[in-house]
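A.B. asks: What shape does this take:
(3 chains)
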Amino acid sequence: MKRRSRTMDRAKASCWTKRAREGRWWMTVIPLYGFTILFVALPILYLIVLSFLTRAQTWGVVNQLTLENYARIVKPVYLNTFKESFQLAILTTITTLAVGYPFGYFMARLPKKRKTMMMLLVVIPFWTSALMRMYGWIIIFRSNGILDKLLMWLGVTEKPLKLLYSYPAVLVGMIYSLLPFMILSVYSSTDKMDWSLVEAARDLGATRLEAFLTVTVKMTLPGILSGIVLVFIPSMGLFFIADILGGGKVMLVGNLIQNQLQSGRDWPFAAALSVMLMIFTSIMIWLYRRLSGVKDLEGLL
Amino acid sequence: MSEIILELDGIKKRFDETDVLKGIRLSIEKGEFITFLGASGCGKTTTLRIIAGLEQPDAGRVRLNGQDVTDLEPNKRNVNTVFQNYALFPHMDVYSNVAYGLKIKKVDKREIARRVEEMLELVQLSGYEKRMPSELSGGQRQRVAIARAVINNPQVLLLDEPLGALDLQLRRQMQVELKRIQKSLGITFIYITHDQEEALNMSDRIVVMREGKFEQIGTPNQVYYHPRTSYVARFVGTANIITGCLKEMKDNLARITVGDKGEAFALATHRQASLLKPGQEVHIAVRGESMTLLREPGRGLRLSVTEKSFAGGMLRISLDGGELGELVSSRQGIDSPFGPGDLVTVFWEPEHGVFVDLEEEDEKTQ
Amino acid sequence: MKKKRLRFASIYQAALLLLMYLPIVVVVVYSFHASKSTIRWQGWSLDWYRKLAGNRGLLEALKNSLILAGLSSGAAGVIGTLGAVGMARVSWRSKGAVEYISTLPIMIPEIILGMVFMAFFAAVGLPFGMVTLVLGHTSFCIPYVFMMVKSSLVGLDKSLGEAAKDLGASEIRVFFDITLPLIMPAVLSGMLLAFAMSLDDVVISIFVTGARTNTLPIRIYTQLKSGVTPEINALCTIMLAVTFVMVGLSRMLGKKAPIN
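C.D. replies: Okay, here's the model as predicted:
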């Protein structure tokens, strides 16, 4: 009897020390848990709720559930914005892939010292103010600006082209802002690639192009997919680029949301638009994970 | 009278459904150099981690100097460890690394300086105080790790394959060094290795471990010359196991018939002599270097040579043992008159044949 | 053949880099322009830097931006580092979900995050201003620190902590003596990245700022829409210099990180 109680005490003691060993570390995650729940999860939940509420006559919302906000999205005016926004996003993504893939690929093949140098050169614009860079484009595209002068000097055109506030200007701005994401994604997966596989393919009789298409592209697929996600998702929402370089002529989903919020004052509708965009984003990330089998986006940091 | 410093009392440990330790028991004396020898996965590192307090046993007690320390945190035990990869703090120089334990104990600064100097002298690293670990060679890191542990005057020093990452020459040199440090400090060393040469060279006692159990505990001499089981015989110094039928036992001298191959001889202990009966199947272990090979027929086993190879200063001659499997005889030198296909007589002095228990696994494969 | 390919790669990279830096160079060059016009070049001057020094509104916005970036990257530094360290040791079931949600702010489009905060703060009744700005920015600063620290913890040798404990250190001492110094480069580079992101942010700021709190990007944004004075060029050039220093700093920190 006495013996049994002693072993019980022991079991208890070791249980306690075990708990003590996992320790009081749980306290360190409390700020993260608290912040995430209070200022990320809760606001997102509220947005979803908001998207089902009714807009008040003058200002604010009425606590009345409705599906009308979602029904409105299907209206041709708004559906058209989605369509246009999509087109621009797809165009942006394809161009960044076409331009960025070779860059990232070549970058990974550089000798080590030059590789870090090149990395730095790619990252620096990324760290400078996006607005500053947009402003640079304004100066370039402006009527009678640098580009016009150059083209006229070369004799390509005779009159200023009025490129600013046009669709091409917005496209250039988008591609320009999002290109580093594509480059870094492709780079990071190319860098990890086992080059002996390409050599093996060549050894087995593949031409350089065949080896590239069958081995390299396949091996760098996670990077390509990650780049597509990282470019496509923001390009739906970068309303300020469309605003600054498009002068209101190009409407993105982002612009629509911003308009509804700030001029239209229709928050529930803006919330519904946001929820749609969020669902779309989640689907893309989910697809990415399914296709690439990787959990984290390549080259995000 | 020597006193017991560490006691393992029925330690058991499970990791995801596998019993890593199956209730081991051991008493270690003060000032002893004891080695846990075994293949990887035999549980020797787990044993060490349990002694250090880095792992908790599922059952059993660890007693240090008579005091139960099983539930004590590692930082509360007067035991220090030299880790397998040294685990030197990469952001601290040699001085700070060695001084760390004393700094934690809030020892006076001048005292720390004095003892660090002393320690570095002991491990022959005086003048390296300001070096960072990344600027040291493998052997030097090893010495820092030892100094860092030993400076705390632990009752027991645990060493987890400390020489594993070093090349052969450095390893031999460090073996001597370690033994010297242990002698001059008089600290109990518990040493872990899978290298039988290390174990035989340094230890006072060797614990041969296998699958979470102790196979044999004894002095290097006992383990080497009197292996208790075929596993020990094979693992320590790779012996040949010969199975046969006991023909007669006279004054502890055993004659064994080995199929149609001939006769083998072995010397039994009194206990074995009284237990073994003629006609019974027996197993003996014979080391390759104890075997003598002759071309003429005679008293011994008649076998044919299959292969001749040269490794590590030893000439190895493989013999076709039929049902016994391959037997290997080895001797110093680089050449022998025998070549593949030759029929030879193999014999040895009876005291070089040792009766062993056959382990389960061997029985299965036979 | 091989040489030809190599040359093509170099030319391609150089050309693309030139394009990438073109707008930045344009802004810098015009900050030293003697005239407001960008149509015709009229000589060099430091006028805009002088004018900038006297532009109260712009400097106020700069101050606000620096305070905002400092506070949010600081808060993210503490929350993200503690969180990453704790998450590595805690075995709660909610761990994965919380980790996922905490990285959402840099996964979803910025505009949604802005909208989310705007609606939420309005609903809660929090007055828009510096407080809401800091909360909003902290949310997207945390993931940068968290992910950086998390990946550096993965590379950290577990036996180092064990060795320190073996030498008598308590859990807390192990953290301050061993873990923290070793993950410090990751913490700092994560915070630096967060600082840069906060300093640059327009979208979320537009949604959560109050009427009286201007940050630099907001001010530049409104000016870009109405009319720009080259003081902005001057300011951007200064910021660019700051960025260069910061990138250099983070590189140095990265180099100092012990390889183990």
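A.B. asks: which helix is the longest one in chain C?
C.D. replies: As assigned by DSSP state H, the longest helix anywhere in chain C is helix C:56-87.
A.B. asks: Check which helix or strand B:Thr47 maps to.
C.D. replies: B:Thr47 belongs to helix B:44-52 when assigned by DSSP states H and E.
A.B. asks: for that helix, packing partners?
C.D. replies: Contacts defined by 3 or more CB pairs under 8 Å, 6 or more residues apart in numbering or on different chains; DSSP states H and E place helix B:44-52 against strand B:4-15, strand B:18-29, strand B:33-37, strand B:79-82, strand B:156-160, strand B:188-193. Where C-beta positions appear, they are placed from N, C-alpha and C, glycine not excepted.
A.B. asks: The same query, at a cut-off of 7 Å, please.
C.D. replies: Contacts defined by 3 or more CB pairs under 7 Å, 6 or more residues apart in numbering or on different chains; DSSP states H and E place helix B:44-52 against strand B:4-15, strand B:18-29, strand B:79-82, strand B:156-160, strand B:188-193.
A.B. asks: tell me the most buried of those strands?
C.D. replies: strand B:79-82 (a mean of 27; mean count of other CB atoms under 10 Å in any protein chain shown).
A.B. asks: next one: that one to chain centre, how far?
C.D. replies: Per CA atoms, centre = their mean, to the nearest Å, the displacement of strand B:79-82 from the mean C-alpha position of its chain is 19 Å.
A.B. asks: That strand vs chain C: in contact?
C.D. replies: Yes. Contact of strand B:79-82 with chain C (CB under 7 Å from any CB of the partner chain) involves B:80-81.
A.B. asks: Return that strand as PDB; C-alpha atoms alone will do.
C.D. replies: These are the backbone C-alpha positions of strand B:79-82, laid out as PDB (Å, rounded to 0.1, in the frame of the first residue of the first chain):
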ATOM      1  CA  VAL B  79      27.000  16.300 -14.500                       C
ATOM      2  CA  ASN B  80      28.500  17.800 -17.600                       C
ATOM      3  CA  THR B  81      28.400  16.600 -21.200                       C
ATOM      4  CA  VAL B  82      30.800  16.800 -24.200                       C
END
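A.B. asks: ok, that strand: who's next to it in the sheet?
C.D. replies: Partners of strand B:79-82 in the sheet, by DSSP bridges, are strand B:156-160 (parallel).
A.B. asks: what about the helices in the stretch 251-366 of chain B?
C.D. replies: Counting by DSSP state H, counting those that start in this stretch, the stretch 251-366 of chain B has helices at residues B:270-275, B:360-365.
A.B. asks: re earlier: for the helix holding B:Thr47, the distance to its chain's centre please.
C.D. replies: Taking CA atoms, centre = their mean, one finds helix B:44-52 lying 15 Å from the centre of the chain it belongs to.
A.B. asks: so after it, what's the next helix or strand?
C.D. replies: From helix B:44-52, the next helix or strand downstream (DSSP H and E) is strand B:59-64.
A.B. asks: quick one: whatever helix or strand comes next after that next one to chain centroid distance?
C.D. replies: Downstream of strand B:59-64, the first helix or strand assigned by DSSP H and E is strand B:67-68. How far strand B:67-68 lies from its chain's middle: 27 Å, per CA atoms, centre = their mean.
A.B. asks: Strand B:67-68 near chain A anywhere?
C.D. replies: No. Judged by CB under 7 Å from any CB, strand B:67-68 makes no contact with chain A; its nearest approach is 9.4 Å.
A.B. asks: neighbouring strands for that strand, and are they parallel or not?
C.D. replies: Strand B:67-68 has these strand partners (DSSP bridges): strand B:59-64 (antiparallel).
A.B. asks: Pull the residues that contact the partner strand.
C.D. replies: Strand B:59-64 is contacted by residues B:6-12, B:23, B:50-51, B:68-70, B:77-79, B:155 when judged by CB atoms under 7 Å, 6 or more residues apart in numbering or on different chains.
A.B. asks: sec struct for A:Leu147, please.
C.D. replies: With DSSP: H, G, I helix; E, B strand; the rest coil as the basis, A:Leu147 sits in helix.
A.B. asks: Helix or strand: which one has residue 116?
C.D. replies: Let's take chain A. helix A:112-127.
A.B. asks: wrong one, chain C
C.D. replies: Counting by DSSP H and E, the element that carries C:Val116 is helix C:110-124.
A.B. asks: Which other helices and strands does that helix contact?
C.D. replies: helix A:42-50, helix A:221-237, helix A:253-259, helix A:267-292, helix C:130-154, helix C:203-208.
A.B. asks: Let me know the pLDDT of B:Gly312.
C.D. replies: B:Gly312 carries a pLDDT value of 68.
A.B. asks: Ok, B:Tyr86 next?
C.D. replies: Per-residue pLDDT puts B:Tyr86 at 89.
A.B. asks: where in the stretch 151-300 of chain B is pLDDT low?
C.D. replies: Within the stretch 151-300 of chain B, no stretch has pLDDT under 70.
A.B. asks: Chain C contacts on that one?
C.D. replies: B:Asn152.
A.B. asks: Turn the helices and strands packed on helix C:110-124 into JSON lines, including distance to B:Gly164, mean pLDDT and mean neighbour count.
C.D. replies: Putting the helices and strands packed on helix C:110-124 into JSON lines (distance: least, CB to CB, whole Å; pLDDT from 0 to 100; neighbours: other CB atoms under 10 Å in any protein chain shown) gives the following:
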{"stretch": "helix A:42-50", "distance to B:Gly164": "52", "mean pLDDT": "93", "mean neighbour count": "19"}
{"stretch": "helix A:221-237", "distance to B:Gly164": "36", "mean pLDDT": "87", "mean neighbour count": "24"}
{"stretch": "helix A:253-259", "distance to B:Gly164": "59", "mean pLDDT": "86", "mean neighbour count": "25"}
{"stretch": "helix A:267-292", "distance to B:Gly164": "38", "mean pLDDT": "87", "mean neighbour count": "19"}
{"stretch": "helix C:130-154", "distance to B:Gly164": "24", "mean pLDDT": "93", "mean neighbour count": "23"}
{"stretch": "helix C:203-208", "distance to B:Gly164": "53", "mean pLDDT": "90", "mean neighbour count": "25"}
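A.B. asks: Minimum distance to chain B: which of those has it?
C.D. replies: Judged by CB to the nearest CB, the one of the helices and strands packed on helix C:110-124 that comes nearest to chain B is helix C:130-154, at 12.8 Å.
A.B. asks: Could you tell me which residues of the stretch 151-260 of chain C lie near chain A?
C.D. replies: C:171, C:196, C:200, C:202-203, C:217, C:220-221, C:224-225, C:228, C:232, C:236, C:239-240, C:243, C:247.
A.B. asks: how does chain A divide into domains?
C.D. replies: According to automatic domain parsing, chain A comprises the domains A:1-50, A:70-292.
A.B. asks: and after the helix or strand harbouring B:Gln216, which helix or strand comes next?
C.D. replies: Taking DSSP H and E as the criterion, B:Gln216 maps to strand B:213-218. Once strand B:213-218 ends, the next helix or strand along the chain (criterion: DSSP H and E) is helix B:220-225.
A.B. asks: Quick check: A:Gln87 vs B:Ser126, distance?
C.D. replies: From A:Gln87 across to B:Ser126, the span is 74 Å (CB to CB, to the nearest Å).
A.B. asks: ah, wrong one, I meant A:Phe86
C.D. replies: As defined by CB to CB, A:Phe86 lies at a distance of 72 Å from B:Ser126.
A.B. asks: ok, those two, which is more surrounded?
C.D. replies: Applying other CB atoms under 10 Å in any protein chain shown to A:Phe86 and B:Ser126 shows that A:Phe86 carries more neighbours, namely 16 against 12.
A.B. asks: Can you list the helices and strands that the helix or strand hosting the more buried one packs against?
C.D. replies: Per DSSP H and E: A:Phe86 is located in helix A:76-108. The criterion is 3+ CB pairs under 7 Å, 6+ apart, and the helices and strands that helix A:76-108 contacts are helix A:167-191, helix A:221-237, helix A:253-259, helix C:2-31.
A.B. asks: distance between stretch A:184-193 and the chain's centre?
C.D. replies: Centre-to-centre, stretch A:184-193 and its host chain are 17 Å apart (CA atoms, centre = their mean).
A.B. asks: Same question for stretch C:70-77.
C.D. replies: 10 Å.
A.B. asks: Many thanks, have a good one.
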